[in-house]
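*Asks:* sequence and predicted structure, then a few things I'm wondering about:
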Amino acid sequence: MISFCFIRIFAHIIYNMQIHFAPLQGYTDFEYRNTHAHLCGGIDTYYSPFIRWEKGGVRDKDIRDILPENNEGLHLIPQIICGNTDEFNRLCDVVQEYGYGEIDLNMGCPAPMQTKLMRGSGILPHPMLVQALLREMERRPEVRFSAKMRLGLEDREEWRELTDMLNSSSLQHLTIHPRIGKQMYKGEVDMDTFHDIYDSITIPIIYNGDVTSMEQFASLTERFPKLHGIMMGRGLLARPTLARECLQGMEMPTGERMNVLMQMHQDMLDYCTRKYKVDSQILMHIHAFWEYQESQLERKTWKRIMKAGNMKNYLEAIRKL
Ligand SMILES: Cc1cc2nc3c(=O)[nH]c(=O)nc-3n(C[C@H](O)[C@H](O)[C@H](O)COP(=O)(O)O)c2cc1C
């Protein structure tokens, strides 16, 4: 009886927790998002990898990625990255032109190419700039803005300066990846500082970082019951059914999981074959599909896939899965 009640309460907590798919440049483009949504499910919101202003415009590739006809049936929030209000407004104009009413601002990217332009986590040591962008958001009441940020660029305390402005902003939600920019993706996520943010920020918070299992999902849900959601990135690339499994509170049998994976792979391979004419290009792109799956496959098998230098060897390696 007690355990039955526990399971019901647990399922209730889980059921209310949204799962968002983190944007990953080079991995979660529209074709991946479509096949993921179609075959795996479990995701409340997908985000496009960041769109930037470059050489007087937005790259065609980035526009193609957010075209409504390429994202039918998905809840997609396009993400922008910018280092001043001028870029912010240009990018918002472009995104809104395609009919979007939600935009996510990247304040987390650690790549020096972006941070040196005060973009991504490069914005975090500049509270005046953050304030200016938040003000610009208010001039577009028709758009629901959100943001995704780290603790800081160089220092884990930088976020504190932003607390009041974030609390009085119109942001719909704020995703926190509790690392600093200079860590890139290395080292531990700082859960103590995340706890401070959770206690200090009053707008809805989404946790992001290193969630790779149902157990981690359940323990975050229990530890931070007020969370608006949990965002997963590499954990989902490694195990695309993870969100569905977390929401159902039950692991999928391995055979079933592999079936889904092989269908996703077929979709992605068909797409790469249509898009790229040369085998080396097809291989480069399809390898991205497997890159984060090392932990889920037998090491030997994974290596054989990743090392296949031509299509014949690649297909041979896949057949052995
Ligand atoms: C290759 C790669 C590309 C990424 N591209 C983006 C991006 O375009 N926008 C963004 O906000 N974060 C980006 N990120 C960060 C992820 O969205 C996420 O915050 C990070 O991987 C931590 O979450 P995870 O541990 O669940 O993967 C990227 C990360 C990686 C590794």
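*Replies:* Happy to help now that I have it. Everything numeric in this text was worked out from a predicted model, so none of it was measured.

*Asks:* just the buried positions in the biggest helix by length in the chain, please.
*Replies:* If you go by DSSP state H, the chain has its longest helix at helix 254-275. Using 16 or more other CB atoms under 10 Å as the test for burial, helix 254-275 gives 257, 260, 261, 264, 265, 267, 268, 269, 271, 272. Heads up, the C-betas are built off the backbone N, CA and C, glycines and all.

*Asks:* in those residues, find the pair that's most separated.
*Replies:* Maximum pairwise distance in the buried residues of helix 254-275, criterion CB to CB, is 22.3 Å, between 257 and 272.

*Asks:* in the stretch 201-321 of the chain, what residue comes closest to the ligand?
*Replies:* residue 233 (2.7 Å; CB to the nearest ligand atom).

*Asks:* which ones are touching that residue?
*Replies:* Contact analysis of residue 233 by CB atoms under 8 Å, 6 or more residues apart in numbering lists 21, 22, 23, 24, 28, 208.

*Asks:* which positions in the stretch 151-300 of the chain make contact with the ligand?
*Replies:* Within the stretch 151-300 of the chain, the positions adjacent to the ligand are 177, 185, 208, 209, 210, 211, 232, 233, 234, 235 by CB under 6 Å from any ligand atom.

*Asks:* number of residues surrounding the first one?
*Replies:* Spelled out, it's residue 177. Neighbourhood size, residue 177 [other CB atoms under 10 Å]: 26.

*Asks:* check which element follows the helix or strand containing it along the chain.
*Replies:* Secondary structure from DSSP states H and E places residue 177 in strand 174-180. Beyond strand 174-180 in the direction of the C-terminus, DSSP H and E gives the next helix or strand as helix 191-200.

*Asks:* quick one: mean pLDDT for that following helix?
*Replies:* Here helix 191-200 scores 98 as its mean pLDDT.

*Asks:* show the subsequent helix or strand relative to it.
*Replies:* Assigned by DSSP H and E, the successor of helix 191-200 is strand 205-208.

*Asks:* and for that following strand, what's in contact with it?
*Replies:* 18, 20, 22, 148, 173-177, 194, 197-198, 220, 224, 226-233.

*Asks:* hmm, residue 25 and residue 288 touching each other?
*Replies:* No - in this structure residue 288 lies outside contact range of residue 25 using CB atoms under 8 Å: 10.6 Å.

*Asks:* and these two? Which one has more around it.
*Replies:* Between residue 288 and residue 25, counting by other CB under 10 Å, residue 288 is the more crowded of the two (16 against 13).

*Asks:* the more buried one: which element?
*Replies:* Per DSSP H and E: helix 279-291 holds residue 288.

*Asks:* mind giving me the packing neighbours of that helix?
*Replies:* helix 254-275, helix 299-307, helix 311-319 (3 or more CB pairs under 8 Å, 6 or more residues apart in numbering; DSSP states H and E).

*Asks:* show me just the buried residues among the contacts of strand 205-208.
*Replies:* Counted by 16+ other CB under 10 Å, those give 18, 20, 22, 148, 173-177, 194, 197-198, 220, 224, 227-233 as buried.

*Asks:* how near is residue 259 to residue 253?
*Replies:* Separation of residue 259 from residue 253 (CB to CB, to the nearest Å) stands at 10 Å.

*Asks:* and the helices and strands packed on helix 279-291 as a markdown table, adding mean pLDDT?
*Replies:* Formatted as a markdown table, the helices and strands packed on helix 279-291 follow (pLDDT from 0 to 100):
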| stretch | mean pLDDT |
| --- | --- |
| helix 254-275 | 97 |
| helix 299-307 | 95 |
| helix 311-319 | 96 |
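
*Asks:* can I get the ones you listed in TSV including distance to residue 92?
*Replies:* As requested, those are exported to TSV (distance: least, CB to CB, whole Å):
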stretch	distance to residue 92
helix 254-275	29
helix 299-307	39
helix 311-319	42
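
*Asks:* what's the closest of those to residue 80?
*Replies:* Nearest of the helices and strands packed on helix 279-291 (CB to CB): helix 254-275, 24.9 Å.

*Asks:* so which elements touch that closest one?
*Replies:* helix 30-39, helix 279-291.

*Asks:* same thing but at 10 Å, please
*Replies:* helix 30-39, helix 242-248, helix 279-291, helix 311-319 (3 or more CB pairs under 10 Å, 6 or more residues apart in numbering; DSSP states H and E).

*Asks:* out of those, deepest packed?
*Replies:* Highest mean neighbour count among the helices and strands packed on helix 254-275 (mean count of other CB atoms under 10 Å): helix 242-248, with a mean of 21.

*Asks:* what residues does that one touch?
*Replies:* 11, 14-15, 17-21, 36, 39-44, 211-218, 221, 230, 232, 235-236, 239, 241, 250-252, 257, 260, 296 (CB atoms under 10 Å, 6 or more residues apart in numbering).
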